[in-house]
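Asker: Could you work out the structure for the sequence below:
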Amino acid sequence: MQIQDWNNLGQMAAEASSTLLGLLFVAVSLNRDRIMKYPSLRARAIETLLLFMLPLLASILLAIPGQSMQLVGGEFLLLAALRGVALVFTGRARKKPGRQTRLNRLFGYTSPALITLLLVVICGLTLIAGRVSGLYWLVAAIILALVGGVANAWIFLVADPDVEARQMHPNS
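Answerer: Residues are numbered from 1 along each chain as shown. Purely as a prediction, here's the structure:
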């Protein structure tokens, strides 16, 4: 098995990711005033954007011809590092569970953005070690990024930001 054998996965992931990115931009533009009013919604929108970008960027890296397995692994580690930096700068404050939905509480405890980052790191390290089977970790990261991004988008589009604001500032 070679990296070129994974081109179909890359193509499918890129198509799904770019479609969801387009829908995200439409949803954000239609809800722009509401999203800009609440920092928690802005942060969740950015986190969703980062989730949907992962499959697209990973697909681009897979599509570059003539690369060694180790080079692709290094590129995935670089992608993970850049993604980690982006998560630090756009990280949202964790809120105490209160009157939140179960899905919102779950995402407060286990961020798909963090888990996908770890999966990409494992993929990169495995490829550097010379094992193309490391790309199975990328499959898991892509699936989690797409599913987590959709769930995250659902939360920020239907969440009651006033409830979240009261939880962050209970005395106001």
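Asker: drop to CA atoms for contacts and neighbour counts, all remaining ones
Answerer: Fine.
Asker: Please report phi then psi for Gln67.
Answerer: Per-residue torsions, Gln67: phi -90, psi 150 (degrees, to the nearest 10).
Asker: mind checking which helix or strand the residue positioned nearest the centre of the chain is in?
Answerer: Centre of the chain computed as the mean C-alpha position; nearest residue by CA atoms, centre = their mean is Leu51, 1.7 Å away. Assigned by DSSP states H and E, Leu51 belongs to helix 39-63.
Asker: Can you give me the buried ones in that helix?
Answerer: 40-59, 61-63 (16 or more other CA atoms under 10 Å).
Asker: what helices or strands is that helix leaning on?
Answerer: Packing contacts for helix 39-63, counted by 3 or more CA pairs under 8 Å, 6 or more residues apart in numbering; DSSP states H and E, involve helix 7-30, helix 32-37, helix 69-90, helix 112-128, helix 135-158, helix 161-168.
Asker: is it possible to export those to TSV including mean pLDDT?
Answerer: Shown next, in TSV, are the helices and strands packed on helix 39-63 (pLDDT from 0 to 100):
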stretch	mean pLDDT
helix 7-30	87
helix 32-37	84
helix 69-90	90
helix 112-128	93
helix 135-158	90
helix 161-168	54
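Asker: most packed of these?
Answerer: Most buried of the helices and strands packed on helix 39-63 by mean neighbour count (mean count of other CA atoms under 10 Å) is helix 112-128; its value is a mean of 23.
Asker: and it, how far from the chain's centre?
Answerer: Distance of helix 112-128 from the chain centroid (CA atoms, centre = their mean, to the nearest Å) equals 12 Å.
Asker: Over to stretch 66-75?
Answerer: Using CA atoms, centre = their mean, the distance from the centre of stretch 66-75 to the centre of the chain it belongs to is 22 Å.
Asker: if we can go back for a sec, what's the helix holding Leu51 in contact with?
Answerer: For helix 39-63, the surrounding residues in contact (CA atoms under 8 Å, 6 or more residues apart in numbering) are 3-4, 6-7, 9-11, 13-15, 17-18, 20-21, 24, 28, 35-36, 72, 75-76, 83, 87, 90-93, 112-113, 142, 145-146, 148-150, 152-153, 156, 161, 164.
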